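S.K.: predicted model and sequence follow; I will ask about them next.
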Amino acid sequence: MDAARTGRPVFCSNLSGGGAARWPAFSTGAGQAGVAAAFTFPLQVGIVAIGVLDLYRDRSGPLTTPQVTEAVAFADAAVSVLLHLQDLGRGSADAPPEGDG
């Protein structure tokens, strides 16, 4: 919710540390599922928020600069896919023909 609201990435490299104080219920459940760190990137077009990309890993620690760069590229790709799917839903020229097949 924080990333969607602010339009800025949210990094929690240690869910059992700072994450537990910030998101107690999520941190507990995530820890039980084996998640030690979470990183969330906003998906937006201009100032319009359309969702977030959540990345999790099983060990704590920050993302490296190349990892952040790659995650931002994945977030940008997700926005492109979502916009393309929206166009398909509106009946654009690229949409497959309707039918039951």
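M.R.: Everything's here; your move.
S.K.: lowest confidence element among the helices and strands of this structure?
M.R.: Ranking every helix and strand in the chain by mean pLDDT, DSSP states H and E puts helix 18-22 at the bottom, with a mean of 88.
S.K.: C-terminal to that helix, what's the next element?
M.R.: The helix or strand immediately downstream of helix 18-22 is helix 24-32, counting by DSSP states H and E.
S.K.: quick revisit: neighbouring contacts of the least confident helix or strand of the chain?
M.R.: Residues outside helix 18-22 that contact it (C-beta atoms under 8 Å, 6 or more residues apart in numbering) are 12, 26-28, 30, 38. Where C-beta positions appear, they are placed from N, C-alpha and C, glycine not excepted.
S.K.: in the top helix by length along the chain, what counts as buried?
M.R.: When the chain is parsed with DSSP state H, its longest helix is helix 65-89. Burial within helix 65-89, assessed by neighbour count using 16 or more other C-beta atoms under 10 Å, is assigned to 71, 75, 78-79.
S.K.: and Tyr56, how many neighbours does it have?
M.R.: Close neighbours of Tyr56, defined as other C-beta atoms under 10 Å, add up to 15.
S.K.: likewise for Leu15?
M.R.: Leu15 has 22 neighbours, counted by other C-beta under 10 Å.
S.K.: now swap in Val48 and tell me
M.R.: So Val48, with other C-beta under 10 Å, has 8 neighbours.
S.K.: ok, now Ser60?
M.R.: 15.
S.K.: any idea whether it is helix, strand or coil?
M.R.: coil (DSSP: H, G, I helix; E, B strand; the rest coil).
S.K.: which phi and psi does it have?
M.R.: Ser60 adopts backbone torsions of phi -80, psi 160, taken as degrees, to the nearest 10.
S.K.: could we number from 36 for the rest of this?
M.R.: Got it, the first residue is 36 from now on, which makes the last one we talked about Ser95.
S.K.: apart from its chain neighbours, what residue comes closest to Gly69?
M.R.: Asp93 (5.2 Å; C-beta to C-beta, 6 or more residues apart in numbering).
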